[in-house]
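**Student:** need a structure here:
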Amino acid sequence: MREYEAVIGLEVHAQLLTRSKIFCGCSAAFGMAPNTNTCPVCMGMPGILPVLNRVVVDHGIKLGLALDCAIERNNVFARKNYFYPDLPKGYQITQYESPLCSGGHLDIGVSGAQKRIGIRRVHMEEDAGKNIHDERRPYSYIDFNRAGVPLLEIVTEPDMSTPDEAAAYLKELRLILVYLGICDGNMEEGSFRCDANVSVREKGSGRLGTRTELKNMNSFRNVQRALEFEIERHTRLLDAGLKVELQTLLWNPARGETQSMRSKEESHDYRYFPDPDLIPVRVDDVWIARVRETLPELPAAKRRRFALQYDLPAHDCDVLCQSRALADYFERCAELLPAPKDISNWIMTEVLRVLKGGHDDIGSLPVTPERLIGLLRLMQGGTLSGLKAKEVFDEMVATGHDAEAIVEERGLEQLSDEEELRRLAREVVEAKPRETALYRGGKTQLLGFFVGEVMKASRGKANPKLAGTIIREMLES
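**Tutor:** Okay, the predicted model is just below:
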């Protein structure tokens, strides 16, 4: 039985966060009424002249530096010629022979192992419009608002061999783009789109198999599923002595299968040539240095620093660094209270629970770092139990009030008076002679039962740790 291995390369189109399009002044905003963000330039009218948006180059350089790429000093735009209804000019302005960035890499982690994925190129280009198909009638419509919106295309080397590696790469690349502030990473709105090239060959062979290109994947899970399906399909064909056809495929998530879209084009099919309307763009050392000064701490570096500086487990670092805002929230909390693991636990459980329940981002959360630390200090000082703290946190979210005010208003102070706790413990022990006898006979796991009874008697206010100590002493005396 022959063994096979997959070879996977990815092409990502990242829509850039600019106010205007790449070659005209039209708005690049998403969600506007169809065909309202258009002008003669992005519609390709006769006699028009494009003018490059400098911010697009800044964003491209920024990503190139983050991926450790070489930055091309002399940038030439090219025309990629093909006809689709959503391409108003009949060609796409892109880069071909000399991409803005090349030769970089991105390190990913899968199942505890690190792997370096080569970045072949990062180049600037314009987006096409959007076809909208009527499900009730045999009509299609075109919205040209997206035509001319700036993109960066990021092309990897064929360095991935599993769908898990592909998903890990996409998640890390998306995180970097969002950290840099150059793309919002929204896959549902199409601002982060992935095409995958996959082939299968005999394990250990140096030759590449025939590849297929996968399109229409709008989630990390769909990328994994589509690659798994294609790898299995290629393997079945090769085992049967059949050939894999070079083609472009669409992923149908409802049916869980790929469908043929068209035969795969090669670069010569597009008849690239330099765009005569756009002069070459010279990127000098001063420009690169200026952009380099704007680079933030990147996700991988931040995770490493959190592990060293705060002595946090890898899982905590991964969760806390899933966005710059969340990492900043944690660090502000850690400045106010030197208890990083306690803070991390609260953020990973209660804070993220609330964010997933409706708040768009950490910036909209009424519980500021100062208020969260106020709550944790009440717990540390014994004023508030962990159980009651969660109730107070939910009320802080709902009202925006401080923990101290809520505790005082609702009378939630934790009962830590030893004399009162001994009185309650004595009443519980006397009321439970059977359980007392079982405990003293060696069934010490009943301690939790007695603590629970004291909590009930105190209406949840008793300090459970202190109550447990008192009950143990009482039962074992």
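
**Student:** Please make it C-alpha for all contacts and neighbour counts, starting now.
**Tutor:** Fine.

**Student:** how many neighbours does residue 473 have?
**Tutor:** 9 (other C-alpha atoms under 10 Å).

**Student:** Check residue 133 too.
**Tutor:** Residue 133 has 12 nearby residues by other C-alpha under 10 Å.

**Student:** Give me the pLDDT for the closest residue to it other than its chain neighbours.
**Tutor:** Spatial nearest neighbour of residue 133, excluding adjacent residues (C-alpha to C-alpha, 6 or more residues apart in numbering): residue 140 at 4.3 Å. As predicted, residue 140 sits at a pLDDT of 90.

**Student:** Next one: residue 140 relative to residue 291, how far apart?
**Tutor:** Separation of residue 140 from residue 291 (C-alpha to C-alpha, to the nearest Å): 43 Å.

**Student:** Could you check which of those two is surrounded by more residues?
**Tutor:** residue 291 (18 against 11).

**Student:** okay, the host helix or strand of that one in PDB with CA atoms only?
**Tutor:** Residue 291 belongs to helix 285-292 when assigned by DSSP states H and E. Taking C-alpha atoms only, helix 285-292 is exported to PDB below (Å, rounded to 0.1, in the frame of the first residue of the first chain):
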ATOM      1  CA  ASP A 285      15.400  53.300   3.400                       C
ATOM      2  CA  VAL A 286      13.800  56.400   5.000                       C
ATOM      3  CA  TRP A 287      10.300  55.300   4.100                       C
ATOM      4  CA  ILE A 288      11.000  51.800   5.400                       C
ATOM      5  CA  ALA A 289      12.500  53.200   8.600                       C
ATOM      6  CA  ARG A 290       9.500  55.400   9.200                       C
ATOM      7  CA  VAL A 291       7.100  52.500   8.800                       C
ATOM      8  CA  ARG A 292       9.200  50.300  11.100                       C
END
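
**Student:** Adjust the sequence numbering to begin at 50 for everything that follows.
**Tutor:** In the new numbering, first residue 50, that becomes helix 334-341.

**Student:** Let's test this: mean pLDDT of that helix, rounded?
**Tutor:** 98.

**Student:** Are there helices or strands packed against that helix, and which ones?
**Tutor:** Secondary-structure packing of helix 334-341 (3 or more C-alpha pairs under 8 Å, 6 or more residues apart in numbering; DSSP states H and E): helix 103-115.

**Student:** which parts of the helix it packs on are buried?
**Tutor:** Neighbour counts over helix 103-115 (16 or more other C-alpha atoms under 10 Å) mark 104, 105, 106, 107, 108, 109, 110, 111, 112, 113, 114, 115 as buried.

**Student:** just curious, which of those residues is nearest to residue 269?
**Tutor:** residue 112 (20.9 Å; C-alpha to C-alpha).

**Student:** Tell me the spacing between that closest one and residue 198.
**Tutor:** 18 Å.

**Student:** what does residue 522 give?
**Tutor:** 72 Å.

**Student:** from what I can see residue 274 touches residue 305, true?
**Tutor:** Yes. Under the criterion of C-alpha atoms under 8 Å, residue 274 makes contact with residue 305 at 7.5 Å.
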